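Peer 1: Give me coordinates for this.
(chains A and B)
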2 protein chains.
Amino acid sequence: MKKPLILITNDDGYQAAGIQALARAVSAIGDVYIVAPDGARSGAACAITSTQPVSFQKLTSSDGEPIQVFSCTGTPVDCVKLALEQIVPRKPDLLLSGINHGDNASVSVHYSGTMGAVFEGCMKEIPSIGISLYLHRGQRYEDYPVSEDTLDAVASLCHRVIDQGLPQDVCLNINLPTAHVFRGWQVCRQARGRWSAEWASASNPHGLNAFWLTGHFTDLEPDAQDTDFSALRAGYASIVPITIDMTAFEAMNQINELLRAR
Amino acid sequence: MKKPLILITNDDGYQAAGIQALARAVSAIGDVYIVAPDGARSGAACAITSTQPVSFQKLTSSDGEPIQVFSCTGTPVDCVKLALEQIVPRKPDLLLSGINHGDNASVSVHYSGTMGAVFEGCMKEIPSIGISLYLHRGQRYEDYPVSEDTLDAVASLCHRVIDQGLPQDVCLNINLPTAHVFRGWQVCRQARGRWSAEWASASNPHGLNAFWLTGHFTDLEPDAQDTDFSALRAGYASIVPITIDMTAFEAMNQINELLRAR
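Peer 2: Numbering: from 1, shown residues only, chains lettered A, B, ... in the order given. Here you go, the predicted model:
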């Protein structure tokens, strides 16, 4: 029997410490293909490249290596689409994205290139998991690497997902704490949150109205016990099951009433 | 009493025919600010610009004009974020995005820059509506413009939404048919769908593995009667209420069981 095929991408680029740690952690349970951007694509969300061609190149020299590495000029979603049609030898048994340098909890799931790749895998009916590291502002991944204990827990979870699959149209958004000892998983919901104060003036010699994107995040449910941020604050790894069906079913009646109103 | 403030953006650029038609259609019910990309950003999803500054410039010459126009170097989401903090005089009463040249039904909602801007407005607690035109492949917007009858229906809906608001964390994904006479709205769910055959080889003189993104869309529920695509096929305008909370609540038990399994 063939080993499971695991496709890994990210939005920090193939050289990032996080994707390398993740690939090593799961290389015992499957044949690993890394197909990742050639550099940073943070905040790429589900963006696709439509105005220019996308290219890729193989970086590993031998077909026999346990981790094959390809770099791609496109977005994380482009990487997944290109990998599936042009690179991997068969449909992957698992798609992983990460480990992202910084969390993708709450509404950050919408901006995340890490999670964009995961949605793409889910749309292609591949069990797909995004993994991000909850760093505080100013913390570098290199100083707070994911512990071996945590990586073991991630590999164990991946093994179960390969074995049992995930529900139709559902993928996982995992955020890991930096703690040395793995405390456990909490299955939770996406916290309500808001970004504000998002622009810093970019001084420039041209008199442009130019700004750098920055921002302050506020958890709108600081007392909740069942959100991704509450799990992370308590030292647990959060798992939010995410659906790619964005229909707000419970709002349908209200919209119908709004249409009927005079 | 002040007129409502309506912020309009898109992913086709401020010069696009669709955004201009939309601005004219709602200019009678509010003060309109167009803050849109300086060119095409199709497929930008919720992408944000984090690696370079974003700038904008005012294109209208007089403060008294009923439609103020600003162009922005960023993504649709950047446009919304920048407009809210740096451009509009107060919080908008309505955010519109579109009219997009091409539909954003089914899973295309995930790639759409049009809808990315709408999610951003929704996260900022502004009633937000994305509007796209269901064109068949090869049809140009200029040859199939949205009819006056349809634009009247859109303006009427906008008026109601300004008046009554939308449920918390819910925005609207509207797709319009090209028919001359407006047949009516259908509130529906996002169709299950899949893109395939997504790459065409890009011949090049450098021997690169280079590809253009293209693709074929398949509606996985061709016999459904309650999806956005079924509404469009029947000649109706589809309204899918969309939630920015992507939690798959009904999958939580199954994920907990997966964690408990040995």
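
Peer 1: contacts, neighbours, all on C-alpha from now
Peer 2: Noted.

Peer 1: Wasn't A:Asp149 part of a helix?
Peer 2: Yes - checked against DSSP: H, G, I helix; E, B strand; the rest coil, A:Asp149 lies within a helix.

Peer 1: Check what pLDDT it gets.
Peer 2: For A:Asp149, the pLDDT comes out at 95.

Peer 1: go on, A:Asp63?
Peer 2: 75.

Peer 1: Next: A:Met1.
Peer 2: pLDDT, A:Met1: 64.

Peer 1: now A:Glu85
Peer 2: The model's pLDDT for A:Glu85 equals 97.

Peer 1: ok, now A:Asp169?
Peer 2: Value for A:Asp169, per-residue pLDDT: 98.

Peer 1: just A:Leu172 next, same as before
Peer 2: 98.

Peer 1: What strand or helix carries A:Val35?
Peer 2: strand A:31-37 (DSSP states H and E).

Peer 1: Summarise which helices and strands that strand is packed against.
Peer 2: strand A:5-9, helix A:17-26, strand A:67-72, helix A:76-82 (3 or more CA pairs under 8 Å, 6 or more residues apart in numbering or on different chains; DSSP states H and E).

Peer 1: so where's chain A shaky on pLDDT?
Peer 2: For chain A, applying pLDDT under 70 flags the ranges A:1, A:262.

Peer 1: any idea where the strands of it begin and end?
Peer 2: Remark: strands assigned in chain A by DSSP state E are A:5-9, A:31-37, A:54-58, A:67-72, A:94-101, A:128-133, A:170-176, A:185-187, A:193-196, A:199-201, A:209-213, A:216-219, A:237-243.

Peer 1: could I get the ones you listed as JSON lines with mean neighbour count?
Peer 2: Listed next are the strands of chain A as JSON lines, based on neighbours: other CA atoms under 10 Å in any protein chain shown:
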{"stretch": "strand A:5-9", "mean neighbour count": "28"}
{"stretch": "strand A:31-37", "mean neighbour count": "27"}
{"stretch": "strand A:54-58", "mean neighbour count": "19"}
{"stretch": "strand A:67-72", "mean neighbour count": "21"}
{"stretch": "strand A:94-101", "mean neighbour count": "28"}
{"stretch": "strand A:128-133", "mean neighbour count": "29"}
{"stretch": "strand A:170-176", "mean neighbour count": "29"}
{"stretch": "strand A:185-187", "mean neighbour count": "22"}
{"stretch": "strand A:193-196", "mean neighbour count": "16"}
{"stretch": "strand A:199-201", "mean neighbour count": "15"}
{"stretch": "strand A:209-213", "mean neighbour count": "20"}
{"stretch": "strand A:216-219", "mean neighbour count": "14"}
{"stretch": "strand A:237-243", "mean neighbour count": "27"}
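
Peer 1: Show me what residue of the stretch 101-250 of chain A gets nearest to chain B.
Peer 2: Per CA to the nearest CA, A:Ala210 is where the stretch 101-250 of chain A lies closest to chain B, at 4.0 Å.

Peer 1: just checking, that residue touches B:Pro53?
Peer 2: Yes - between A:Ala210 and B:Pro53 there is a contact under CA atoms under 8 Å: 5.9 Å.

Peer 1: Now do the shared contacts for those two.
Peer 2: A:Ala202 (CA atoms under 8 Å, 6 or more residues apart in numbering or on different chains).

Peer 1: Nearest spatial neighbour of the residue of the stretch 51-200 of chain A found nearest chain B, chain-adjacent residues omitted?
Peer 2: The nearest approach of the stretch 51-200 of chain A to chain B comes at A:Ser55, 4.0 Å away (CA to the nearest CA). Closest residue to A:Ser55 apart from its sequence neighbours, by CA to CA, 6 or more residues apart in numbering or on different chains: B:Ala210 at 4.0 Å.

Peer 1: repeat for A:Glu142
Peer 2: Closest to A:Glu142 by CA to CA, 6+ apart is A:Ala17, at 7.3 Å.

Peer 1: Could you report the neighbour count for that neighbour?
Peer 2: 18 (other CA atoms under 10 Å in any protein chain shown).

Peer 1: quick one: it from A:Cys79, how far?
Peer 2: As judged by CA to CA, to the nearest Å, A:Ala17 and A:Cys79 stand 18 Å apart.

Peer 1: So A:Arg160 sits against B:Leu258, correct?
Peer 2: Yes - at 7.0 Å, A:Arg160 and B:Leu258 qualify as touching, with contact defined as CA under 8 Å.

Peer 1: Overlap of the contact sets of those two?
Peer 2: In contact with both A:Arg160 and B:Leu258: no residue, using CA under 8 Å, 6+ apart.

Peer 1: Return the residues in contact with A:Asp228.
Peer 2: Counting by CA under 8 Å, 6+ apart, A:Asp228 has contacts A:105-106, A:175, A:188-191, A:238-240.

Peer 1: cool, and A:Asp103?
Peer 2: Contacts of A:Asp103 by CA under 8 Å, 6+ apart are A:132-135, A:175-176.

Peer 1: What is the most widely separated pair among the residues you listed?
Peer 2: Greatest spatial distance among those (CA to CA): A:Leu135 and A:Asn175, at 10.0 Å.

Peer 1: Would you mind listing what in the stretch 51-200 of chain A touches chain B?
Peer 2: A:52-57, A:81-82, A:85, A:107, A:110-113, A:123-124, A:157, A:160-161, A:164, A:166-167, A:170, A:187-190, A:192, A:194, A:197-199 (CA under 8 Å from any CA of the partner chain).

Peer 1: Buried among the residues you listed? Need that as a selection in PyMOL.
Peer 2: The PyMOL command for the buried members of those (criterion: 16 or more other CA atoms under 10 Å in any protein chain shown) is given here:
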select buried, chain A and resi 53+54+55+56+57+81+82+107+110+111+112+113+123+124+160+161+166+167+170+187+188+189+190+192+194+198+199
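
Peer 1: can I assume A:Val161 is in contact with A:Ile129?
Peer 2: No - in terms of CA under 8 Å, A:Val161 does not count as a neighbour of A:Ile129; the distance is 9.2 Å.

Peer 1: shared neighbours of those two, anything?
Peer 2: Shared contacts of A:Val161 and A:Ile129, defined by CA under 8 Å, 6+ apart, comprise A:Leu94.

Peer 1: For the helices and strands packed on strand A:31-37, could you give me CSV that also reports distance to A:Val118?
Peer 2: Output for the helices and strands packed on strand A:31-37, formatted as CSV (distance: least, CA to CA, whole Å):
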stretch, distance to A:Val118
strand A:5-9, 9
helix A:17-26, 14
strand A:67-72, 17
helix A:76-82, 8
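
Peer 1: Any idea which of these gets closest to A:Met246?
Peer 2: Of all those, helix A:76-82 comes closest under CA to CA, at 18.2 Å.

Peer 1: who does that closest one touch, helix- and strand-wise?
Peer 2: Against helix A:76-82 (3+ CA pairs under 8 Å, 6+ apart) you get strand A:5-9, strand A:31-37, helix A:113-123.

Peer 1: could I get these as JSON lines with distance to B:Thr73?
Peer 2: Shown next, in JSON lines, are the helices and strands packed on helix A:76-82 (distance: least, CA to CA, whole Å):
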{"stretch": "strand A:5-9", "distance to B:Thr73": "28"}
{"stretch": "strand A:31-37", "distance to B:Thr73": "23"}
{"stretch": "helix A:113-123", "distance to B:Thr73": "20"}
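
Peer 1: Select, out of the ones you listed, the one closest to B:Tyr141.
Peer 2: Here helix A:113-123 is closest among the helices and strands packed on helix A:76-82 (CA to CA), at 28.1 Å.
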